[in-house]
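Colleague: Sequence and predicted structure are below.
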Amino acid sequence: MKHSSFFWFVLPSSLMMLLFIAFPIVSVVTQSLYQAHDQVIIEVENCGPFGCTVDTSVDSEATAALRAAEPLGQWAGLDIYKDRNHLALDEVAQAWVNSDGLPDFGRTLMNLPFYDAMAFTLTYTAIVTPLTIILGFFIAIAVNAVARALRGPTIFFSLLPMIVTPLVGSLILFWMVDARGILGTSLQWLADDPTLSVKASTPMMWIMLMVYGVWHSAPFAFIVYYAGLQTVNTDTLEAAMIDGASRWQRIRYVVIPHLVPLTTFIALIQLMDNFRVFEPIVSFSAQAHATSLSYAIFNDLGGETRLLSSAAATSVLTIIGVGILLSPVLVRTWREFGSPR
Amino acid sequence: MKIWKNAMLGTAIAALTATGALGCEADGRVSIIGNEFPAIQTVAAAAGACTGIDFSSNLTADHQTLNVAGMSGNPAEYTTAIVANSSIVALINEDVIQPLDDLVAAYGQDISPSQLITVDGKIMAVAFMANAQHLVYRGDVLEAAGLEVPTSYEEVLAAAEAIRTAGIMENPVGGAYAAGWNLAQEFTNMYIGTGGQFFKPGTAEVSINNAQGVEALEMMKALTAYMNPDYLTHDSNATSAEWEAGNVALMNMWGSRTGVLMDDEGSEPVVYENTMVSGPLTVGDSGTPATTLWWDGWTVAKNISDADAAATFKAMAAGVSPAILNDETMGQAVWLMEGYTPAPVNEGVLASVAAGSQPYPMRPFQGLLHTALGDNIADFLQGNESAEQTLADIEAAYTAAATEKGFLQ
């Protein structure tokens, strides 16, 4: 393709990406470097149906001129990134000096919101991503072996967890694991412990969130693998059969090598998605047991006083986190496609 | 939900036109943003019934995420926001609502002075209903266990133990203890009940890491021993459902929700017939009830023309006039207008007011502390750390947030 025709070919999508992806990110990064102007606090008397109280209020006239001159707020540099609700550099340094051995340091670290959220997010990503890929692969192999007439309905049912809206899907599971729900009661019966409650225990809540994560995203891996299975060279498979290869050997030595590039793709998408885990935490009301960076953003924006800069800083940290997580896969893809064949 | 909403508005309008009490005329744009529950539906419908106005309303549970943004433009999208004492501060902080003194003088002759919310002598809102959390109990269960109605949390603990020992209920205490806003609200109640002060007077410096803070947390933890083990996931809705399922005999609940608990929908007769309300509970010997008083009221946007402001004021004044009170609307809330006669469901709120409870603080940075409380208290209730550590964490989280918002330098 000529350079000029390539340019005109990609121009519309580049413009769209610039407008809807690049500019918002620039705006978020900018916002995270500013904080609100110093507020002038005055003592006032508030009166209402329940009588009068002396309390504080913001003298908005005093800061109106400042706000008009600098609507973004005052320059904060990296202060917000460094504060206790984000990277908490001072607190971590202090804990390192004062702590009584590594376990004590770990406990102090887990008490800081950012590291607490990271601990869950990384565990979730590390466990859910491989399980999704393995489960998706086996569903694809199984569906591919189903008689042709039944394949349509089977594919449809296998895709259901992905079709169901995440909030609804997790809400259904949430009700089922309730102490009086079908799964919750079964667990109590299995464990022979009538007081067992999934929602009250942190480890159980983590397991439930991860089970939900795998359930929800396995269909994605399945459908990609299933598409890949249709392109497996049947000559090679037949040759392997004639050589006396068992079903497992054919999968191991013919099918899996053929599907490896797809695995890279699925891993890429799933790492990104899982790092941004959010909906199940909200629907499971799991914030007492597990939080993630996305949940922290939601929490900052949902309060009566919105913390825009704090949410922006967490967003930037999320982007950096995704970047770090994806770098090995990206480097690998770069090498594969960049090298002359 | 949409259909239901329209149906509600329809019945409210029908009820109002039937009384024929409306005689409101104005010329201008009226656009309401507010929360969604029956009392507010009634007010919005009555305001919309004014003749000559260009009327629209957006009543949604997400109103707090929309009102500041929708009133910041010039002209503002919403000419009035229906807010409560906690949420009005966000509008005052961002300077998007106007003082109403002139409008009250011109058109507010029917508004009772006690409805006016003033900040630093300027009228910023007109309140129309009151709300508070108070004790809700099951009369039959207390009787079966041979107990008096508790008036303090200490008595609640004793009663809960007696009910459990008698084998009537395993977890007789309920409460909206879901991590987040609800849990923070319960701490706020309890801390006020111990006589604690949230901030150093006149400053934004938090001071809850003290004996009262520990006392409040310890009492909350003691109560959770008698709650369903899933309490950290139970918000007001889930707690009400537990009540209607007949699993709970004592709880601190919003007055605005007792109507649902006492009607014959969603529960067995033995539950709803024996659901009783009482006043607020106390903790320790401070004498201050462990609850907060709330009002709901309306404001007028700053960035709108004088004509629209006058039309909005007139329409909203008609929306909260005594004329809206009839058999159907009377029980929807504890109305602040003249002519309101309380129903039995509303006695808890009135008892809370009579007991000298404090209003929820109308303070610019209270919301930031509320968020910090909701994020950290669960750690203590789960037994992960000491009360002092939890209080120190809350103070540190608040301080970082307040610094970002410019309240602390």
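Modeller: On my side now, so go ahead. Predicted model, so just to flag it, every value in this text is computed and none were measured. Numbers count the residues shown, from 1 in each chain, chains lettered A, B, ... in the order given.

Colleague: B:Leu217 sits in which helix or strand?
Modeller: Per DSSP states H and E: B:Leu217 is located in helix B:211-224.

Colleague: Give the buried residues for that helix.
Modeller: For helix B:211-224, the neighbour count (16 or more other C-beta atoms under 10 Å in any protein chain shown) marks B:212-217, B:219-220, B:223-224 as buried. Yep, even glycine has a C-beta here, placed from its N, CA and C like the rest.

Colleague: So for it, mean pLDDT?
Modeller: Averaging pLDDT along helix B:211-224 gives 96.

Colleague: That one packs against which elements?
Modeller: Packing partners of helix B:211-224 (3 or more C-beta pairs under 8 Å, 6 or more residues apart in numbering or on different chains; DSSP states H and E): helix B:153-165, helix B:181-193, helix B:366-381, helix B:387-404.

Colleague: how about a cut-off of 6 Å?
Modeller: helix B:181-193, helix B:366-381, helix B:387-404 (3 or more C-beta pairs under 6 Å, 6 or more residues apart in numbering or on different chains; DSSP states H and E).

Colleague: contacts for it?
Modeller: Outside helix B:211-224, the residues within contact range by C-beta atoms under 6 Å, 6 or more residues apart in numbering or on different chains are B:153, B:157, B:173, B:190-191, B:194, B:196, B:231, B:283, B:380-381, B:387, B:391.

Colleague: Columns pLDDT, distance to A:Leu196 and neighbour count on top of these, output as CSV?
Modeller: Listed next are those as CSV, based on pLDDT from 0 to 100; distance: C-beta to C-beta, whole Å; neighbours: other C-beta atoms under 10 Å in any protein chain shown:
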residue, pLDDT, distance to A:Leu196, neighbour count
B:Tyr153, 96, 28, 24
B:Leu157, 96, 25, 18
B:Val173, 96, 20, 26
B:Met190, 96, 29, 26
B:Tyr191, 96, 33, 24
B:Thr194, 95, 34, 21
B:Gly196, 92, 37, 20
B:Tyr231, 92, 15, 28
B:Val283, 93, 32, 25
B:Phe380, 95, 23, 23
B:Leu381, 94, 19, 20
B:Ala387, 95, 27, 18
B:Leu391, 97, 31, 23
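
Colleague: quick check, nearest of those to A:Trp189?
Modeller: Taking C-beta to C-beta as the measure, A:Trp189 lies nearest B:Tyr231 of the contacts of helix B:211-224, at 22.9 Å.

Colleague: can you pull the contacts of the closest one?
Modeller: B:Tyr231 neighbours (C-beta under 6 Å, 6+ apart): B:177, B:224.

Colleague: let's go with 7 Å and repeat that
Modeller: Neighbouring residues of B:Tyr231 by C-beta atoms under 7 Å, 6 or more residues apart in numbering or on different chains: B:175, B:177, B:224.

Colleague: quick one: it and B:Leu217, what's the gap?
Modeller: According to C-beta to C-beta, to the nearest Å, B:Tyr231 and B:Leu217 sit 15 Å apart.

Colleague: Equivalent analysis for B:Gln389, please.
Modeller: Distance from B:Gln389 to B:Leu217, by C-beta to C-beta: 11 Å.

Colleague: try A:His3
Modeller: From A:His3 to B:Leu217 the distance is 68 Å (C-beta to C-beta).

Colleague: Which parts of the chain belong to which domain?
Modeller: Reading this off chain A. The record's domain parsing of chain A by automatic domain parsing lists A:79-104, A:114-338.

Colleague: that answer is for a different chain, and I need it for chain B
Modeller: With automatic domain parsing as the criterion, the domains of chain B are listed as B:2-130+B:295-349, B:132-292+B:352-404.

Colleague: what's the angle from the longest strand anywhere in chain B to helix B:181-193?
Modeller: Counting by DSSP state E, the longest strand found in chain B is strand B:122-138. Angle, strand B:122-138 to helix B:181-193, by axes from the mean of the first three to the mean of the last three C-alpha atoms, to 10 degrees: 100 degrees.

Colleague: Which elements pack onto strand B:122-138?
Modeller: Here strand B:122-138 touches helix B:88-93, helix B:101-107, strand B:116-119, strand B:250-254, strand B:275-277, strand B:292-298, strand B:334-335, helix B:347-354, going by 3 or more C-beta pairs under 7 Å, 6 or more residues apart in numbering or on different chains; DSSP states H and E.

Colleague: Which residues does the shortest one contact?
Modeller: This points to strand B:334-335. B:128-131, B:255, B:325, B:342, B:346, B:349-350.

Colleague: Kindly recompute the last result at 8 Å.
Modeller: B:39, B:128-131, B:255, B:325, B:340, B:342, B:346, B:349-350 (C-beta atoms under 8 Å, 6 or more residues apart in numbering or on different chains).

Colleague: same question, the second one
Modeller: By C-beta under 8 Å, 6+ apart, the list of residues contacting helix B:101-107 from outside reads B:111, B:116, B:122-123, B:126, B:300, B:309-310, B:313-314, B:317.

Colleague: Max pairwise distance over the residues you listed: which two?
Modeller: Largest separation among the contacts of helix B:101-107 by C-beta to C-beta: B:Lys122 and B:Lys314, giving 20.0 Å.

Colleague: With neighbour numbers in mind, choose between these two.
Modeller: Between B:Lys122 and B:Lys314, counted using other C-beta atoms under 10 Å in any protein chain shown, the more crowded position is B:Lys314 (24 against 12).

Colleague: where does the more buried one land in three-state SS?
Modeller: helix (DSSP: H, G, I helix; E, B strand; the rest coil).

Colleague: Quick one: residues contacting it.
Modeller: B:Lys314 touches B:24-26, B:50, B:107, counting by C-beta under 8 Å, 6+ apart.

Colleague: How about B:Val68?
Modeller: A:306, B:90-91, B:94, B:96.

Colleague: distance of it from B:Asn209?
Modeller: B:Val68 is 31 Å from B:Asn209, by C-beta to C-beta.

Colleague: How about B:Ile97?
Modeller: B:Ile97 is 34 Å from B:Asn209, where distance means C-beta to C-beta.

Colleague: before we move on, back to that, among the contacts of strand B:334-335, which one is most surrounded by other residues?
Modeller: B:Val349 (29 neighbours).

Colleague: so who does that residue touch?
Modeller: B:130-132, B:134, B:255, B:334 are the contacts of B:Val349 under C-beta under 8 Å, 6+ apart.

Colleague: Okay, now the unreliable bits of the stretch 101-250 of chain B?
Modeller: Scanning the stretch 101-250 of chain B for pLDDT under 70 picks out nothing.

Colleague: Next to chain A in this structure, residues from it, please.
Modeller: Where proximity means C-beta under 8 Å from any C-beta of the partner chain, the interface of the stretch 101-250 of chain B facing chain A comprises B:114-121, B:127, B:130, B:178-180, B:199, B:202-204, B:228-233, B:235.

Colleague: returning to what we had before: who has more neighbours, B:Ile97 and B:Asn209?
Modeller: B:Ile97 (23 against 18).

Colleague: which phi and psi does the closest residue in space to the more buried one that isn't next to it in sequence have?
Modeller: Counting by C-beta to C-beta, 6 or more residues apart in numbering or on different chains, B:Ile97 lies nearest to B:Thr299, which is 4.3 Å off, once chain neighbours are set aside. When quoted as degrees, to the nearest 10, the phi and psi of B:Thr299 stand at phi -120, psi 170.
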